[in-house]
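J.: dropping a prediction and its sequence here:
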Amino acid sequence: MGLQVKICGITKLDQAIAIEQSGASAIGFICVPGTPRYIDAANIRSINNQLSIDRVGVFLDASIDAIRETVAIANLNVVQLHGKESPEFCQQVRALNVKLIKALRIRSKTDLELSIDYQSLVDVLLLDAYHPTQAGGTGLSIDWTMLKEFRPSCDWWLAGGLNPNNVTDALNLVAPDGIDLSSGLENAPGDKNLERVAELFRKLRS
């Protein structure tokens, strides 16, 4: 499959292994203390040591030192920045020798224009839905029609409210290089529904 598929908010080893076997290309861990899907670096490492796909740590306005330390302890090879991190900060993270995903919360075309400052500094732009108080995992969708013409110079992935029931509609409208799912595949925050995961990959293959 050319499409990259990241499943985010993993907290359990057995689910991580099942998701890798389903065909996911990346698994994401929420490295933001105090959030419902948070998992600490040592526990991430015990999961990552069993995986061979991309291992993504999701950070929200963390310091470069905190990111560096977590990457080392947790055995991460990808960092996703999900806060208000500047293009300059992205350059610092790139120096850690990891692949870099920068999430942008999209409310309007103006938010899309902001992505221009990041395109040369990141490997992937992840477009997520805007929520006034929550940074991600909200189940809200972007207005996909805004993204029809979006062609950045780097790869871009679609996130925000995707689930097995709407993923085909989204991909018929827009052409991202990857998709990122979290709450649309859950029984509860951090607890994935593996039947829904299997259904997702069935839809993508058809």
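T.: Arrived safely. Residues are numbered from 1 along each chain as shown.
J.: low-confidence regions, this structure specifically.
T.: For the chain, the stretches with pLDDT under 70 are 1, 135.
J.: go through it and flag its longest strand.
T.: In the chain, assigned by DSSP state E, the strand with the most residues is strand 99-106.
J.: list the helices and strands that one packs on?
T.: strand 78-81, helix 87-94, helix 109-114, strand 124-129 (3 or more CB pairs under 8 Å, 6 or more residues apart in numbering; DSSP states H and E). To be clear about C-beta, it is placed using only N, CA and C from the backbone, and glycine gets the same treatment.
J.: now the strands for the protein?
T.: Ranges of strands in the chain, per DSSP E, are 4-8, 26-30, 54-59, 78-81, 99-106, 124-129, 155-158, 178-181, 186-188, 191-192.
J.: before we move on, the earlier item: so which of the helices and strands packed on strand 99-106 comes closest to residue 189?
T.: Ranking these by proximity to residue 189 (CB to CB) places strand 124-129 first, at 16.2 Å.
J.: sheet-wise, list the partners of the longest strand of the chain with their directions.
T.: strand 78-81 (parallel), strand 124-129 (parallel) (DSSP bridges).
J.: hmm, who's touching the longest one?
T.: When you say that, I think you mean strand 124-129. Here strand 124-129 makes contact (CB atoms under 8 Å, 6 or more residues apart in numbering) with 80, 82, 99-106, 112, 115, 118-119, 136, 138, 140-142, 147, 150, 152, 154-161, 176-178, 180.
J.: just how off-centre is that strand within its chain?
T.: Computed by CA atoms, centre = their mean, to the nearest Å, the chain-centroid distance of strand 124-129 equals 8 Å.
J.: and what of the shortest one?
T.: Taking the mean of its C-alpha atoms, strand 78-81 sits 8 Å from the chain's own mean (CA atoms, centre = their mean).
J.: hmm, who's touching that strand?
T.: Contacts for strand 78-81 (CB under 8 Å, 6+ apart): 26, 28, 54-60, 67, 71, 89-90, 93, 96, 98-103, 126.
J.: likewise for stretch 14-28?
T.: Residues contacting stretch 14-28 (CB under 8 Å, 6+ apart): 1, 4-10, 47, 50-58, 78, 80, 178, 180, 182, 191-192, 194, 197-198, 200-201, 204.
J.: list only those of these flagged as buried.
T.: Among these, the ones that count as buried by 16 or more other CB atoms under 10 Å are 4-10, 47, 51, 53-58, 78, 80, 178, 180, 182, 192, 197, 200-201, 204.
J.: ok, now how distant is residue 205 from residue 167?
T.: 12 Å (CB to CB, to the nearest Å).
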